[in-house]
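Novice: I'll drop the sequence and a predicted model, then ask my questions.
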2 protein chains.
Amino acid sequence: MGISVKQFEALKSRLSSGKPSRTGDKPDGSSNSESRQERHSVILGIDPSMRGTGYGIVRFEKPHPVALAHGRVSCPSAWEHSRCLLQIFQTLRDVIKEHRPTVCAVEGLFFAQNLKTALIMGEARGAALAAVAEAGLDVYEHAPRRVKQAIVGYGAAQKLAVAKMVQRMLKMPDLPDADAADALAVALTHAQGASRFSLSPAKRC
Amino acid sequence: MGISVKQFEALKSRLSSGKPSRTGDKPDGSSNSESRQERHSVILGIDPSMRGTGYGIVRFEKPHPVALAHGRVSCPSAWEHSRCLLQIFQTLRDVIKEHRPTVCAVEGLFFAQNLKTALIMGEARGAALAAVAEAGLDVYEHAPRRVKQAIVGYGAAQKLAVAKMVQRMLKMPDLPDADAADALAVALTHAQGASRFSLSPAKRC
């Protein structure tokens, strides 16, 4: 399915206008969650999975948002789960340290064939969110269908369509990896302020 | 259901005789996984859950195994998931640093009502295993039914029966918390060498 120019322009204007503002200053942690939500300028998006967690950091600025970093935590099938979990945790911790996002948006569970799949998906999320919580970030979850709806305008869009749209929105020279693109898409969706709910307060434990 | 003295004595003799040996020296990490399994003298047991992860560290020595530490990572229902996950991660990291276990045994998923439950259970496991993997420990999983079978002699044993048996085996002055007792039971089961399979190599990522 295609992406109309109209859809793209509408999205672009939503993303670049008004929210988030260009204050550039980082939240100091003392304000309440509500007000901080409004002025996050660097968002970490995560699409967790055991073998290929996607992550992307987007800075919102004029004239258009910019991808500061993006990638995929690749864990070969020969790796045991705990090794993958550590890899996810450490990669995200490093990325957070380097780019200092101010909030995290994570892609929710779309579909699990069975309990085992859900458990494994949960493990990946657990390791990822532990790293995010360690950095004291708020976490918001967005359903995959809503991310696609927000980015491509169609809830059942294919991964390639999402990646292409993300590439256009962020003016990236190359098509991002599909998992990284999903993560960037969650970050972009979060900035639109659509359909989110809090999974976590920003407080450290 | 009761625990017969015969069952208890049989278990006790299995636990205190032969394996693990009383060498007292710690594995140096250079030996292969097979041989290390045989001489682990300090085992970390974990029973992961979002609101009450049980943990217990057992040192195997004559005349009987000793609980070095045990507890429950209590996370009130008002806490968001990511806060719980960080609490689980940090508590286990601290416990591991203090007591230096040489291997980890984790209780497997017994029963999940639905995908959401499995996902949440998985998140807790993910945070726990990331902490364990960070310390470079091997992780082994044991099914809850097998733990009960090994400790109480009955796969459908109640939590109280497990706690009482764990108290007897470790000669603890007080009845341990039910979740902590489950974790100690996994560690004791692992020492028996019954029905285990590797989830993780000892290598750091």
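Specialist: That came in fine, so what should we check first?
Novice: any idea how far A:Gly54 is from the most far-flung residue of chain A relative to its centre?
Specialist: In terms of distance from the mean C-alpha position of chain A, A:Ala78 ranks first, at 26.9 Å (C-alpha atoms, centre = their mean). Shown here: A:Ala78 relative to A:Gly54, a distance of 21 Å by C-beta to C-beta, to the nearest Å. Just so you know, the C-beta spots here come from the backbone N, C-alpha and C atoms, and that holds for glycine as well.
Novice: what does A:Ala180 give?
Specialist: 5 Å.
Novice: Give the closest residue to A:Val106 in space, chain neighbours not counted.
Specialist: A:Ile46 (4.7 Å; C-beta to C-beta, 6 or more residues apart in numbering or on different chains).
Novice: Sorry, slip of the keys, the one I care about is A:Glu107.
Specialist: A:Glu107's closest residue in space is A:Asp47 (C-beta to C-beta, 6+ apart), at 4.3 Å.
Novice: So A:Pro101, which state does it fall into?
Specialist: At A:Pro101, secondary structure determined by DSSP: H, G, I helix; E, B strand; the rest coil is coil.
Novice: Around it, how many other residues sit close by?
Specialist: A count of nearby residues for A:Pro101, using other C-beta atoms under 10 Å in any protein chain shown, gives 27.
Novice: interface residues of chain A facing chain B?
Specialist: Neighbours of chain B within chain A, by C-beta under 8 Å from any C-beta of the partner chain: A:79-90, A:109, A:112, A:115-116, A:118-130, A:132-134, A:139, A:198-201, A:203-205.
Novice: Report the beta-bridge partners for the residue minimising distance to the centre of chain A.
Specialist: Taking C-alpha atoms, centre = their mean as the criterion, A:Gly45 is the residue nearest the geometric centre of chain A, at 1.5 Å. A:Gly45 has these beta-bridge partners by DSSP bridges: A:Gly56, A:Ala105.
Novice: among the residues of chain A next to chain B, which are in helices?
Specialist: A:81-90, A:115-116, A:118-130, A:132-134 (DSSP state H).
Novice: Selection in ChimeraX covering whichever of those are buried, please.
Specialist: In ChimeraX, a selection of the buried entries from these looks like this (16 or more other C-beta atoms under 10 Å in any protein chain shown):
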select /A:81,82,83,84,85,86,87,88,89,90,115,118,119,120,121,122,123,124,125,126,127,128,129,130,132,133,134
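Novice: number of nearby residues for A:His64?
Specialist: With other C-beta under 10 Å as criterion, A:His64 counts 13.
Novice: what about it, which SS state?
Specialist: Classified using three-state DSSP, A:His64 is coil.
Novice: Could you pull up phi and psi at it?
Specialist: As for A:His64, its main-chain torsions (degrees, to the nearest 10) stand at phi -160, psi 160.
Novice: again, but for A:Val73
Specialist: phi -80, psi 100.
Novice: do the same with the one 4 residues further on
Specialist: The phi and psi torsions at A:Ser77 (degrees, to the nearest 10) take the values phi -60, psi -20.
Novice: And A:Ala135, by the same measure?
Specialist: Torsion angles, degrees, to the nearest 10, at A:Ala135: phi -80, psi 0.
Novice: Run a quick check on it versus A:Phe89, I expect a contact.
Specialist: No. Counting by C-beta atoms under 8 Å, A:Ala135 does not reach A:Phe89; the two are 11.5 Å apart.
Novice: for chain A, what spans make up the strands?
Specialist: A:42-47, A:52-59, A:66-74, A:103-107, A:139-142, A:197-200 (DSSP state E).
Novice: Save those as CSV, and put in distance to A:Gly155 and mean pLDDT too.
Specialist: Formatted as CSV, these follow (distance: least, C-beta to C-beta, whole Å; pLDDT from 0 to 100):
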stretch, distance to A:Gly155, mean pLDDT
strand A:42-47, 16, 96
strand A:52-59, 19, 97
strand A:66-74, 23, 97
strand A:103-107, 13, 94
strand A:139-142, 12, 92
strand A:197-200, 18, 41
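Novice: now the ones you listed as a markdown table including distance to B:Val166?
Specialist: A markdown table is the format used below for the strands of chain A (distance: least, C-beta to C-beta, whole Å):
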| stretch | distance to B:Val166 |
| --- | --- |
| strand A:42-47 | 38 |
| strand A:52-59 | 37 |
| strand A:66-74 | 38 |
| strand A:103-107 | 37 |
| strand A:139-142 | 36 |
| strand A:197-200 | 34 |
